[in-house]
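Participant: how would this look folded up:
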Amino acid sequence: MGAQPAKGGGRWVQVAPERIHRWIDGFADRHGAFETKGCDDVVVLRAADGAVAEFAVPFPPMEPGAPYVAKLVAHASRRRRVGVVLVRMGGYAAGVFDGDELIASKVGSRLVQGRTAAGGWSQQRFARRRKLQADQAFDAAGQTASRVLSPYLDTLEAVVFGGDRRAVDALREEQRLAPLFNLEAEPFLTVPDPRLAVLKEAQKQFRAVRVRVVDPV
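Facilitator: Numbers count the residues shown, from 1 in each chain. Predicted coordinates for the structure are as follows:
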């Protein structure tokens, strides 16, 4: 994923855990020596020329205290078991990753009509039918998420969600999914229609370390 503008200035970039050291070496080559500070959820590099690199610690908290960079690399690279639930209108996928290996998964889809009818009574009937289809799709997504992730609940470190935020929010009211939402962690995954190939690629997003980069004035 390319750089994205960051609120408050700068830009967000994503760095794979195995590339953090190389990325920091490049930061030093471009901006010179830097000072480091951090806590359990952020590590900040501030170079002599004013450039800043702010690392959002994935799956915090990180063990506090120096050396921050070494601890960030170790924390980000650690093998962890993570559940993933992706939901869009009419499509859903759920999986469990052990490190970067997908060890359990299921994907599915349900028809949800996407256009409204012309108007009047016909439009009202169409809207009711579409709502019924959406409710059935969300119910299927919830059943799938519960069926795939629940057997691993005791060993999951986190659950990340993605797809469409409104679709995911529609699942929050389901009591059976409360244990999954109790483990919810960032980032929210921006993905196209959830298919198996999309689910397999999700680990690249949730394992990546987000870095807010502010260039010197």
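
Participant: now do the strands in the chain.
Facilitator: Assigned by DSSP state E, the strands in the chain fall at 4-5, 11-15, 34-38, 42-47, 52-56, 81-88, 91-98, 101-109, 158-163, 209-214.

Participant: which elements pack onto the last one?
Facilitator: Applying 3 or more C-beta pairs under 8 Å, 6 or more residues apart in numbering; DSSP states H and E, one finds that strand 209-214 makes contact with strand 11-15, strand 52-56. (Glycine included, C-beta is placed from N, CA and C.)

Participant: of those strands, which stretch is the most buried?
Facilitator: strand 52-56 (a mean of 20; mean count of other C-beta atoms under 10 Å).

Participant: put the alpha carbons of it into PDB.
Facilitator: The C-alpha trace of strand 52-56 is given here as PDB (Å, rounded to 0.1, in the frame of the first residue of the first chain):
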ATOM      1  CA  VAL A  52      10.300  12.500  12.300                       C
ATOM      2  CA  ALA A  53       9.300   8.800  12.000                       C
ATOM      3  CA  GLU A  54       6.600   7.700  14.400                       C
ATOM      4  CA  PHE A  55       6.100   4.000  14.600                       C
ATOM      5  CA  ALA A  56       2.700   2.700  15.800                       C
END
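
Participant: how does the chain divide into domains?
Facilitator: 4-78+207-214, 81-206 (automatic domain parsing).

Participant: reformat the ones you listed as TSV; add mean pLDDT.
Facilitator: What follows is the domains of the chain, written out as TSV (pLDDT from 0 to 100):
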stretch	mean pLDDT
domain 4-78+207-214	93
domain 81-206	86
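
Participant: closest one to residue 172 among the strands of the chain?
Facilitator: When the strands of the chain are compared by C-beta to C-beta, strand 158-163 sits nearest residue 172, at 9.7 Å.

Participant: re the thing from before, looking at the helices and strands packed on strand 209-214, which is closest to residue 24?
Facilitator: strand 52-56 (7.5 Å).

Participant: show me what the closest one is packed up against.
Facilitator: Going by 3+ C-beta pairs under 8 Å, 6+ apart, strand 52-56 lies up against helix 20-31, strand 42-47, strand 209-214.

Participant: give me the distance from the last one to the chain's centre.
Facilitator: This means strand 209-214. Relative to the chain's own centre, strand 209-214 is displaced by 15 Å; criterion: C-alpha atoms, centre = their mean, to the nearest Å.

Participant: which outside residues touch that strand?
Facilitator: For strand 209-214, contacts defined as C-beta atoms under 8 Å, 6 or more residues apart in numbering pick out 3, 6, 9-17, 20, 23, 51-58, 72, 76, 187.

Participant: if you set the cut-off to 6 Å instead, what comes out?
Facilitator: Residues outside strand 209-214 that contact it (C-beta atoms under 6 Å, 6 or more residues apart in numbering) are 6, 9-15, 52-56, 58, 76.

Participant: coming back round to it: could you dump the strands of the chain to JSON lines with distance to residue 181?
Facilitator: Formatted as JSON lines, these follow (distance: least, C-beta to C-beta, whole Å):
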{"stretch": "strand 4-5", "distance to residue 181": "26"}
{"stretch": "strand 11-15", "distance to residue 181": "24"}
{"stretch": "strand 34-38", "distance to residue 181": "29"}
{"stretch": "strand 42-47", "distance to residue 181": "24"}
{"stretch": "strand 52-56", "distance to residue 181": "21"}
{"stretch": "strand 81-88", "distance to residue 181": "9"}
{"stretch": "strand 91-98", "distance to residue 181": "13"}
{"stretch": "strand 101-109", "distance to residue 181": "19"}
{"stretch": "strand 158-163", "distance to residue 181": "7"}
{"stretch": "strand 209-214", "distance to residue 181": "22"}
